[in-house]
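Novice: predicted model and sequence follow; I will ask about them next.
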Amino acid sequence: MFENRPNRESEVVLVGRSNVGKSTLMRQLTGHRFDTGGKPGVTRSPNHYDWAPEDFMITDLPGFGFMSGVAEEQREAIKDDIVHYLEEYADNFLVGVVVVDGKSVIDIIDRHSGPDSIPYDVEMFHFLQELGVPTVVAVNKMDKVDDKDERLNDLCDRLGLYPPWKQWQDTIAPISAKQGRIDPFEQAVRSILHDHKRDDLLKFF
Ligand code: GDP
């Protein structure tokens, strides 16, 4: 999990369940073409994208959640690896990104909420915040969502952010990665970078 990490000081890190469109968003960001096909979840190690000579990279962590053909223990192992990676490199993260599927995220959160369980997306959001990492929720596949405002307000509610979502434009970024509509995400990241005096990195977003 940690072996291939390039030695870069500053990092933007993406987490999310499998199939939310993380690879599609990464492709939009990096311009790289890389494989999104094949078996989801087989990628157990992070994908790092760096640009010499910049001391910066974007890291796509393995997808978490249901994956056909992947056993429960392996899923838990992937999750542990992700948590360890986030803890280990928290000081390097300028922005943490939780990518969710706007169409299904509320149902999934509600289905996984219980007295003893916190849904993965909510857990990752709070975990990044606990680590002191400015966090953006990229709400993808918005092209499939009709009641956009209602959905995003519900998401705020589930994340513990007071609705309406429009007050959280540095945090909640509705996008459609497949259609190349990622402007709200790029704006949110740019705003955080600017606030942290990293205008040198704005060119990447
Ligand atoms: P990953 O497992 O999170 O890396 O997800 P992928 O990037 O492989 O995408 C999973 C599926 O969602 C693919 O079929 C994509 O074409 C599709 N997808 C990704 N982004 C969008 C989007 O913005 N809108 C819609 N409708 N589908 C998308």
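Specialist: Perfect, thanks for sending it.

Novice: show me where this protein has helices.
Specialist: Assigned by DSSP state H, the chain shows helices spanning 22-30, 72-89, 105-112, 120-130, 148-159, 183-195.

Novice: in CSV, list the ones you listed along with distance to the ligand and mean pLDDT.
Specialist: All C-beta atoms are positioned from the backbone trio N, CA, C, and that covers glycine. CSV is the format used below for the helices of the chain (distance: least, C-beta to the nearest ligand atom, whole Å; pLDDT from 0 to 100):
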stretch, distance to the ligand, mean pLDDT
helix 22-30, 3, 92
helix 72-89, 13, 90
helix 105-112, 13, 95
helix 120-130, 12, 96
helix 148-159, 13, 98
helix 183-195, 11, 98
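
Novice: wait, which of these is closest to residue 170?
Specialist: helix 183-195 (5.0 Å; C-beta to C-beta).

Novice: what's next to the closest one, contact-wise?
Specialist: 12, 25, 94-95, 97, 134, 136, 138, 169-171, 173-175, 199, 201-202, 205 (C-beta atoms under 8 Å, 6 or more residues apart in numbering).

Novice: try stretch 159-166
Specialist: 122, 125-126, 137, 149, 152-153, 155-157, 168, 171-172.

Novice: mind putting the residues you listed in CSV, neighbour count included?
Specialist: Putting the contacts of stretch 159-166 into CSV (neighbours: other C-beta atoms under 10 Å) gives the following:
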residue, neighbour count
122, 20
125, 24
126, 15
137, 30
149, 13
152, 24
153, 18
155, 24
156, 20
157, 14
168, 19
171, 19
172, 23
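
Novice: counting by contacts, list what the longest strand anywhere in the chain packs against.
Specialist: Assignment by DSSP state E gives strand 93-101 as the longest strand of the chain. Where contact means 3 or more C-beta pairs under 8 Å, 6 or more residues apart in numbering; DSSP states H and E, strand 93-101 is packed against strand 10-16, helix 120-130, strand 135-140, helix 183-195.
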